[in-house]
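Asker: Have a look at this prediction, sequence included:
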Amino acid sequence: MIVRHVDEVKGTAQEIVTTNWTSRRVLLADDRMGFSFHETIIHPGTETHIHYLNHLEAVWCIEGDGEIETIADGRKYALGPGVVYALDQHDEHWLRGGTRPLRVLCVFNPPLSGREVHDASGVYPLEVA
């Protein structure tokens, strides 16, 4: 059994901090669960281009506010507590922070190693364990 508290990853290599978001990667590929699990905070007033060509992601918003806009069709979706979205088609999108920090729980398949950051195209590279 794996039991962790999110505070255990704060300040470690499993916490990635950027100007737009902070990701706390609680379960990773090395845990051999078949997915990775993250707590991410989207900072207010930010905009991040994301295009997960190599991963599927499901996101559960639990606190704060923001918006996601799919690039293919320009549709915008308000984000807030209780909203779940799944990027089941590798959807290229803009993720925008609102007026308050947007706290989300994320699942990635295949699992992340924990070292990934978005490249210039908004993609996480596929790392084979």
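Answerer: Here it is on my side, so go on.

Asker: For the rest of this, base every contact and every neighbour count on C-alpha atoms.
Answerer: Fine.

Asker: ranges for the strands of the protein?
Answerer: Per DSSP state E, the chain has strands spanning 15-17, 21-27, 36-42, 47-50, 56-63, 66-70, 76-79, 84-87, 93-97, 102-109. These are given in chain order.

Asker: List the neighbouring strands of the last one plus their orientation.
Answerer: Strand 102-109 sits in its sheet next to strand 36-42 (antiparallel), strand 56-63 (antiparallel), going by DSSP bridges.

Asker: That one versus strand 66-70: what angle between them?
Answerer: Between strand 102-109 and strand 66-70, the angle comes out at 40 degrees (axes from the mean of the first three to the mean of the last three C-alpha atoms, to 10 degrees).

Asker: And strand 102-109, how far out from the chain middle?
Answerer: Counting by C-alpha atoms, centre = their mean, to the nearest Å, strand 102-109 is centred 5 Å from the centre of its parent chain.

Asker: Pull the residues that contact that strand.
Answerer: With contacts defined as C-alpha atoms under 8 Å, 6 or more residues apart in numbering, strand 102-109 is touched by 34-44, 55-66, 80.

Asker: Could you pick out the buried ones from those?
Answerer: 35-44, 55-66, 80 (16 or more other C-alpha atoms under 10 Å).

Asker: For this structure, give me the ranges with low pLDDT.
Answerer: Across the chain, residues meeting the criterion (pLDDT under 70) sit at 115-129.

Asker: Spatially central residue in it, please.
Answerer: Taking C-alpha atoms, centre = their mean, the centroid of the chain lies closest to residue 106, which sits 5.4 Å from it.

Asker: which residues does that residue bridge with?
Answerer: residue 38, residue 59.

Asker: What separation do you get for residue 2 and residue 19?
Answerer: Distance of residue 2 to residue 19, computed by C-alpha to C-alpha, to the nearest Å: 31 Å.

Asker: So for the two, which sits in the more crowded spot?
Answerer: Shown here are residue 2 and residue 19; by other C-alpha atoms under 10 Å, residue 19 has more neighbours (9 against 5).

Asker: Now do the contacts for the more buried one.
Answerer: By C-alpha under 8 Å, 6+ apart, the residues touching residue 19 are residue 43.
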